[in-house]
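Student: Next input, structure requested:
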Amino acid sequence: MMKKMNFRNKLFIYYSLIMIAVVIVGFGSVYWYIIDQLELEILQSMNLSARDNARQLDSLMKEMDRLTIEVSANPQIQEYMQKLKKGELPAYNTMSNMAYNTLISISAVNLGSIRVSIYNKGGDYLSIGIPDNQTAIRERTSSEAFEQWYEQQMPERHSSRKLLPHPDFWSADEEEQMISVIREIVDIHSYASYGVVEVQVPLKRLEDLFRTGLDQKQYLFTNDAELIYTNGTEAEQEEAVGQLCGMVKGRTEGEGKIRLSNRRYYTTFGQSSQTGWYFAIARPRQTLLNTAFPVVGVAFLIAVILLGLMLLFIRLVSVRLTEPLKKLQMHIKTINSTDKIVQADTEEKDEILMIDTAFDTLYKNLQLSNDELNYMKLQEAKIQLLAVQAQMNPHFLYNILTVINGIGFEYGATEIMEICDALSSMLRYAGSFSWENVRMEEEIVHTRHYLELMKCRFKSHMQYHIEIDPELTGIRVPKLILQPIVENSFQHGLKGVKPPWKIRVQVLKQEDQWLIRVMDNGAGFTREAVENLYRQIRNQNDDFNDNIESLGIGGYGLTNVILRLKLSYGLEVHFRIDQVTEAGEAYCMVEIGGRIGD
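Tutor: Numbers count the residues shown, from 1 in each chain. Okay, here's the model as predicted:
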């Protein structure tokens, strides 16, 4: 179907699909960004609410604990409880009224919402605040279980005990649930125990304390999974507390997710510092989706409008851009059908394909011509370099050296024999026909022969030293790249300099490159000479044939070495001229290099 369409319609369809994909991806990104931000805001709000409720619980428990401290430390209360313990007072007398008034003065602000009770193991009881029931008090204090309960609930000295929700056993209404804080009444001098003070608040006060009006569930529970308060359903309590206890383990506050009745809930929690109890808030995930729907709806409407505008714009642009192609298509159709570079298909409607068919043959011909030209240039360079090496291979030189070596042997001139052997090895190495690279060790041997010949000439006036990294002896490099640089030191660097002359050759490895450094203590290169050398290298790069004369025996210099390195290593060849100092002496350094393994 697409093949039967013209390029204009294809362009419109392709770009339309791209724009639709971009809008879908963009809308999806915006949607998830909105969800993430709303989720973050809701969790922050829930975290704040959980911490606030935990702080309110702490404030309530602090107030209750403060009351137990004030009551237990009050001298009049202590005196009253002491006399009761010793049996010196009846249950009700003037001192009892004084104790009652003392409790009122300590707890006057909270009398409507709390109960403050003082009692002892013997069953003596006095309270203020929330009304109690004398019959229920007598039944409880006279029961056999009261004394055991009293001992169990006795807190550690100088501390208080928080009792989880329990029936109001000081009143007739056993369905009323209370939370208590108990503290021992102790003589400040003898530390004798006289009884306890208990401050109670109804559990429903927590409901008033935690009421928010939001669609969320609240849970107040201990670290042992004992539920203290919740506004959730009874069926979900055990499931919720179990998941929450697993979430809060070892943490004082945080957030997470739970699942109740197959609904997902965002959850945050905070720990009360006074009681160690945890307060958690669970809000349905659907609340987040309900909040996000209006924002997402507006974003979707904007995306649809933008998509429509972009499709209209793409249509106009495709018409405008393809108009020149339509004209070019008509022009190609007018070409003679016998022309070999055009293979017109009368049923083809794609203008681009028709143009591509028309110029495909021309491109292939140009590519073939370019490949042939590059191949011819490479072969020409190889032939010319081999021709240069051939200039150093006259057979008669070997014969003459053999004769001279024989005469030296006849007269016992070992130095002449060594010179002949070194020169013969050099000629044999330089004159052998080969386009293959040689081992670095062969280059070192060839250079050492040359330096020995120079030492025979200059005697003690010349010193040389060669260092090579053992790892580099076997790597392969272009032939005759080291000796010409050393020769350059004698021809230019040391000329006009008083002996002794020093030559240092270093072959070292630097990361994935091999480097050759040739240093001499000669006059070095002037700035003009360095610039001229770089200019020669550029000129040889531009036209190899115009500088072929420099590649002869007398022209085997730096430019030739650099050019042959570039033929082998391309743009990764390394070349540098610099002035360096070693052991307090100044040297002129020529450094070349290439990638190992190329």
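Student: low-confidence ranges in the stretch 401-550 of the chain?
Tutor: Residues of the stretch 401-550 of the chain that meet the criterion pLDDT under 70 lie in 401-403, 405-406, 410, 431-435, 540-550.
Student: residue ranges of the strands in it, please?
Tutor: Applying DSSP state E, counting those that start in this stretch to the stretch 401-550 of the chain gives strands spanning 438-439, 462-468, 476-477, 501-510, 513-520.
Student: Would you mind measuring from Leu325 to Val438?
Tutor: Taking CB to CB, to the nearest Å as the measure, Leu325 falls 57 Å from Val438. All C-beta spots, glycine's among them, are computed from the backbone N, C-alpha and C.
Student: do the same with Thr447
Tutor: Separation of Thr447 from Val438 (CB to CB) stands at 12 Å.
Student: Val295 reaches Ile34, doesn't it?
Tutor: Yes. At 5.4 Å, Val295 and Ile34 qualify as touching, with contact defined as CB atoms under 8 Å.
Student: Show me the domain layout of the protein.
Tutor: As assigned by the TED database, the chain contains the domains 44-286, 464-595.
Student: Next, format these as CSV and append distance to Leu309 and mean neighbour count.
Tutor: Listed next are the domains of the chain as CSV, based on distance: least, CB to CB, whole Å; neighbours: other CB atoms under 10 Å:
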stretch, distance to Leu309, mean neighbour count
domain 44-286, 34, 17
domain 464-595, 49, 16
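Student: Would you mind saying which of those domains lies nearest Asn365?
Tutor: Among those, domain 464-595 comes nearest to Asn365, with 26.0 Å by CB to CB.
Student: count of neighbours near Phe313?
Tutor: Neighbourhood size, Phe313 [other CB atoms under 10 Å]: 12.
Student: that older thread, Thr447 and Val438: which has the busier surroundings?
Tutor: Using other CB under 10 Å, the more surrounded residue of Thr447 and Val438 is Thr447, with 25 against 17.
Student: Work out the gap between the longest helix anywhere in the chain and the centre of the chain.
Tutor: The longest helix of the chain (DSSP state H) is helix 7-73. Distance of helix 7-73 from its chain centroid, counting by CA atoms, centre = their mean, to the nearest Å, is 25 Å.
Student: again with stretch 319-332
Tutor: Distance of stretch 319-332 from the chain centroid (CA atoms, centre = their mean) equals 50 Å.
Student: doesn't Cys420 make contact with Ile404?
Tutor: Yes. In this structure Ile404 lies within contact range of Cys420 using CB under 8 Å: 5.3 Å.
Student: and these two? which has more neighbours close in?
Tutor: The residue with more neighbours, out of Ile404 and Cys420, is Cys420; 21 against 17, by other CB under 10 Å.
Student: How much space separates that one from Arg283?
Tutor: Going from Cys420 to Arg283 by CB to CB gives 102 Å.
Student: Ok, Arg448 next?
Tutor: Going from Arg448 to Arg283 by CB to CB gives 87 Å.
Student: now do Glu418
Tutor: Distance from Glu418 to Arg283, by CB to CB: 99 Å.
Student: ditto for Leu378
Tutor: For Leu378, the distance to Arg283 equals 77 Å [CB to CB].
Student: Is the closest residue to Arg161 other than its chain neighbours in a helix, a strand, or coil?
Tutor: Of all residues not flanking Arg161 in the chain, Pro155 sits nearest, at 3.8 Å (CB to CB, 6 or more residues apart in numbering). Per DSSP: H, G, I helix; E, B strand; the rest coil, the secondary structure class of Pro155 is coil.
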